[in-house]
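Peer 1: attaching a predicted model along with its sequence, questions to come.
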Amino acid sequence: MEALQQVTGVAAPLLRINVDTDQIIPTIFLGGTDAKGYGAHLFHGWRFLQDGRPNPDFILNRLPYDRAQVLLAERNFGCGSSRERAPKALREFGFRAIVAPSFGGIFYNNCWRNGIVPVELPIEDIRRIAQEVEASGGHAAVTVDLGALAVSTRGGLRFGFTAPGTLRDMLMQGVDEIALTLGRQAEIEAFRRRDRTTRPWAY
């Protein structure tokens, strides 16, 4: 996983409530064992018309939102089934952060493990960010700073957020749980030495 400390880029407002994982990546595109290729089908039912042509009214088909790195969303984003390919599709499309009032629980955890920062902010704050972005025609960059735990805009808005410590460390270092654990080898060995003294029967 690629490490991420901060992302600054185009933010796409998609303020729809209860966007589920089947809307993010429809079931029809989940066949096979390949872990790649899902970005092309992200939001397929909204991005494309029935004849397969791009839907010109959908925000991610319009400049400059087609290269967005930050998604501004509504409450309960990523609800529904636990498919990990939903954050994979978002990541392949180019998103590195999603800002929403709340997330589906499994989706939230899967985002961290697939290189995306899921940021929880009140909807009032998200709407203020969206208003600034839309007033600029999408050109007002938004920054999600994982180190500072803050979302900021070119126009001066700034909102703090919280993040689970371990998941935040994993993404900032670009490692999974195993690599993070192995990186604490010295602490593990020190514990074993102490524990061997107090519980020799366990060894």
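Peer 2: Noted; the coordinates are in hand. Because the structure is predicted, anything quoted here is derived from the model rather than measured. Numbers count the residues shown, from 1 in each chain.

Peer 1: contacts, neighbours, all on C-alpha from now
Peer 2: Noted.

Peer 1: ok, residue 48 touching residue 55?
Peer 2: Yes - in this structure residue 48 lies within contact range of residue 55 using Cα atoms under 8 Å: 4.8 Å.

Peer 1: just the helices in the chain please.
Peer 2: Secondary structure of the chain (DSSP state H): helices located at 21-24, 44-47, 85-93, 105-113, 123-135, 165-173, 177-182, 185-198.

Peer 1: got the contact list for the second one?
Peer 2: For helix 44-47, contacts defined as Cα atoms under 8 Å, 6 or more residues apart in numbering pick out 23, 24, 25, 26, 54, 55, 58, 60, 61.

Peer 1: which one (most neighbours) among the residues you listed?
Peer 2: Using other Cα atoms under 10 Å as the neighbour criterion, residue 25 leads the contacts of helix 44-47 with 26 neighbours.

Peer 1: for residue 100, see how far away that residue is.
Peer 2: Applying Cα to Cα, to the nearest Å, the value for residue 25 to residue 100 is 18 Å.

Peer 1: so for the closest residue to residue 60 other than its chain neighbours, what's the pLDDT?
Peer 2: Of all residues not flanking residue 60 in the chain, residue 66 sits nearest, at 4.5 Å (Cα to Cα, 6 or more residues apart in numbering). Note on residue 66: pLDDT of 96.

Peer 1: OK, contacts around residue 157?
Peer 2: 129, 151.

Peer 1: hmm, I was thinking of residue 159
Peer 2: Counting by Cα under 8 Å, 6+ apart, residue 159 has contacts 121, 125, 150, 151, 152.

Peer 1: how about 6 Å then?
Peer 2: 150, 151 (Cα atoms under 6 Å, 6 or more residues apart in numbering).

Peer 1: give me the distance between it and residue 148.
Peer 2: Taking Cα to Cα, one finds residue 159 at 10 Å from residue 148.

Peer 1: correct me if wrong: residue 95 contacts residue 69.
Peer 2: Yes - using Cα atoms under 6 Å, residue 95 makes contact with residue 69 at a distance of 4.0 Å.

Peer 1: beta partners for residue 153?
Peer 2: On the basis of DSSP bridges, residue 153 is bridged to residue 142.

Peer 1: just give me the neighbour total for it.
Peer 2: Residue 153: 19 surrounding residues under other Cα under 10 Å.
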